[in-house]
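Asks: Sequence first, then the predicted structure:
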Amino acid sequence: MANYDIDLVVTSAPHIKDKITTSSIMRDVIIAIAPALIGSVFIFGLRSILVIIISVVSSILAEVLGNIIFHKKPSLNDLSASVSGLLLAMTLPPSSPWWMVVVGAFSGIILGKMIFGGIGSNPFNPALVGRSVLMVSWPTYMTTWIKPQIMIGLSNISQATPVDSITTATPLGIVKLQSYAKLISDFGTKANLYKALFFGTVGGSLGETSALLLLIGGIYLIARKVIDWKIPVIYIGTVFVLSPLFGRDPLFSILAGGLFLGAFFMATDYSSSPITPMGKVYYAIFIGFLTVLIRQYSSYPEGVMFSILLGNAVVPYFDKVMPKVYGVFSKKEVAK
């Protein structure tokens, strides 16, 4: 009987290998984010650049610190920290003070990622974890918005708030505190409102106001097969379908706030979203329903952040609804 010298390596699933790397995926995400980030500079002024830089640098430093504290190997090459910093910046008001951005970045990376074991192990989206910490800690700063403006002078970039900025309310905020009719009167017609929401000339977070620029980035991610179309399309579709049941304009509901940002860039995070096809469907419907519910009945005008975080918490259950069974032929496969 022949003797075979075989080394068996026992590891946990998955066992599928691919040429695609984490860094290549993150590069695609950065490319997809770029239109909205560049647009924010023209919409809100050069102050946006400062918020973005502070957020990215702080996220990178937080990851370095996390690797040291939790005895992890250096992980900056995968670009995930940079992406988290960019996504966090997109969810912040353009007038955010620098120290608050730093706290948000460190909270997102340390509490939302490194404490769970790093990339691939985080059950919640790190950028949204950072934003939620800021939202409950400094709600005034997090709900102070500025009106869209043209490029401001370089001399204003170091100031806490641009000199020529004027505070305003977001469209969702006006609806929550006053009425949809008041919002329409402010813009003159529904067509003007839709146009402003589509191009981004309204108050809001740094990278969430332009549905057009976010849509361009989302289509790029789907075309590159970085994300599955199911989650963003079903999420947005759920909000569109359910909004009229609560007396809300469906087109306004999907264009306003951070829905496009959340649908394409937050809800699709690999680590915190379902992996099964039906799990993605149920997850998208769930967070869509919660978004409409929170917007309608809570004291917050927006519900995207809380909906996605709550959805992240129940992802394991969605993946178990209809798990894929391996080693068994379906009826269609047998028929063939």
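Replies: Ah, there it is.
Asks: Now do stretch 79-89: everything it contacts.
Replies: Defining contact as Cβ atoms under 8 Å, 6 or more residues apart in numbering, one finds that stretch 79-89 is touched by 22-23, 26-27, 29-30, 33, 37, 51-52, 55-60, 62-63, 75, 101, 104-105, 108-109, 113, 119, 125-127, 130-131, 206-207, 265-266. To be clear about C-beta, it is placed using only N, CA and C from the backbone, and glycine gets the same treatment.
Asks: Filter the residues you listed down to the buried ones.
Replies: Buried residues within the contacts of stretch 79-89, counting neighbours by 16 or more other Cβ atoms under 10 Å: 26, 29, 33, 37, 51-52, 55-60, 62-63, 75, 101, 104-105, 108-109, 113, 119, 125-127, 130-131, 206-207, 265-266.
Asks: So which of those residues are in strands?
Replies: In strands, judged by DSSP state E, none of the buried ones among the contacts of stretch 79-89 are found.
Asks: out of these, which are inside helices?
Replies: The helices, defined by DSSP state H, take in 26, 29, 33, 37, 51-52, 55-60, 62-63, 101, 104-105, 126-127, 130-131 from those.
Asks: Val241 reaches Arg248, doesn't it?
Replies: No. In this structure, Val241 is not within contact of Arg248 by Cβ atoms under 8 Å, at 11.3 Å.
Asks: Looking only at neighbour counts, state which of these two leads.
Replies: Neighbours were counted for Val241 and for Arg248 using other Cβ atoms under 10 Å; Arg248 has more, 18 against 15.
Asks: Quickly note the distance from the residue nearest the centre of the chain to Leu214.
Replies: Nearest to the mean C-alpha position of the chain, by Cα atoms, centre = their mean, lies Met266 at 2.8 Å. Using Cβ to Cβ, to the nearest Å, Met266 is found at 11 Å from Leu214.
Asks: Now do Val51 against Leu134, distance only.
Replies: Note on Val51: its distance to Leu134, by Cβ to Cβ, is 12 Å.
Asks: Which residues are in contact with each of these two?
Replies: Listed as contacting both Val51 and Leu134 by Cβ under 8 Å, 6+ apart are Leu92.
Asks: mind listing the strands in this protein by residue range?
Replies: Assigned by DSSP E, the strands in the chain fall at 145-146, 167-168.
Asks: strands paired with the first one, and their directions?
Replies: Translated: strand 145-146. Next to strand 145-146 in the sheet, as set by DSSP bridges, lie strand 167-168 (antiparallel).
Asks: Would you indicate which residues of stretch 95-102 are buried?
Replies: Judged by neighbour count using 16+ other Cβ under 10 Å, the buried positions of stretch 95-102 are Ser95, Ser96, Met100, Val101, Val102.
Asks: Please state the mean pLDDT value computed over that stretch.
Replies: For stretch 95-102, the mean pLDDT works out to 94.
Asks: Run through who's touching that stretch.
Replies: Applying Cβ under 8 Å, 6+ apart, the contact partners of stretch 95-102 are 47, 50-51, 54-55, 58, 88-89, 92, 134, 138, 141-142, 144-146, 160-162, 165.
Asks: Quick check: Met26 vs Ala81, distance?
Replies: Met26 is 9 Å from Ala81, where distance means Cβ to Cβ.
Asks: Likewise for Thr291?
Replies: Taking Cβ to Cβ as the measure, Thr291 and Ala81 are separated by 28 Å.
Asks: before we move on, what about Val103?
Replies: 16 Å.
Asks: the more surrounded of the two?
Replies: Using other Cβ under 10 Å, the more surrounded residue of Val103 and Ala81 is Ala81, with 29 against 17.
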